[in-house]
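> Structure, please.
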Amino acid sequence: MTRFEEIYRAYFNDVYRYLRRLSGDETLAGEITSETFFKAMRALDSFRGECDVRVWLCRIAKNCYYTYLKKASRTEALEDTALWSLPSPEPAAEELCIRSEEAAGIRAALHTLPDPYREVFMWRVLAELSFAQIGEIFGKTDNWACVTYHRAKTMIKRRLEEQNREK
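Reported below is the predicted structural model:
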């Protein structure tokens, strides 16, 4: 096991919990935790050991979170009048039927996928886990989980296209 893997396994939960408390959002905490470990992996050689690894990781996490907040504050808020002009969020009955058919097609395509693609896709979409959490479940990296998820999506799209051609 590499030094980074040891650090990742030892401190992932601590960093995630820190970000969860800081942000108040599980999904955001998971994404920023992934970004934190990605940055830590790139900077591991420059870590001088002047402080505890947990402290170093939490500093990176805090900086990632504040960078996220800074970017989020740049987005423009909609005026109340603009909100009234937006279409109703409730879909029409026809649209609900189409969505239901599409969901059935996706489920059918999903069940034809081999493992681990099916499982990774389900963890990401249904359980809404971060790539880091999925990687941890499989004992792999978050990058592996991300690549596997996108390959699963591509397989599902191909199968749906095949189904549409057969109709």
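
> so for whichever strand or helix holds Ala132, what's the average pLDDT?
If you go by DSSP states H and E, Ala132 is part of helix 131-138. Taken as a whole, helix 131-138 has a mean pLDDT of 88.

> again, but for stretch 146-164
Rounded mean pLDDT across stretch 146-164 is 88.

> list the buried ones in that stretch?
Neighbour-count burial for stretch 146-164, with 16 or more other C-beta atoms under 10 Å as criterion, is recorded at Cys146, Thr148, Tyr149, Ala152, Met155, Ile156, Arg159. In short, each C-beta sits where N, CA and C put it, glycine included.

> so of these, which ones are in helices?
Cys146, Thr148, Tyr149, Ala152, Met155, Ile156, Arg159 (DSSP state H).

> Output these in a markdown table; the columns should cover distance to Glu119.
Formatted as a markdown table, these follow (distance: C-beta to C-beta, whole Å):
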| residue | distance to Glu119 |
| --- | --- |
| Cys146 | 14 |
| Thr148 | 9 |
| Tyr149 | 10 |
| Ala152 | 9 |
| Met155 | 13 |
| Ile156 | 14 |
| Arg159 | 17 |
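
> now, among those, which is nearest to Leu110?
Distance to Leu110 across those (C-beta to C-beta) is lowest for Ile156, with 6.2 Å.

> Can you name the residues that contact that closest one?
Shown in contact with Ile156 (C-beta atoms under 8 Å, 6 or more residues apart in numbering): Ile106, Ala109, Leu110, Leu113, Phe121.

> ok, the last one to Arg158 distance?
Okay, so that is Phe121. Going from Phe121 to Arg158 by C-beta to C-beta, to the nearest Å gives 14 Å.

> No further questions, thank you.
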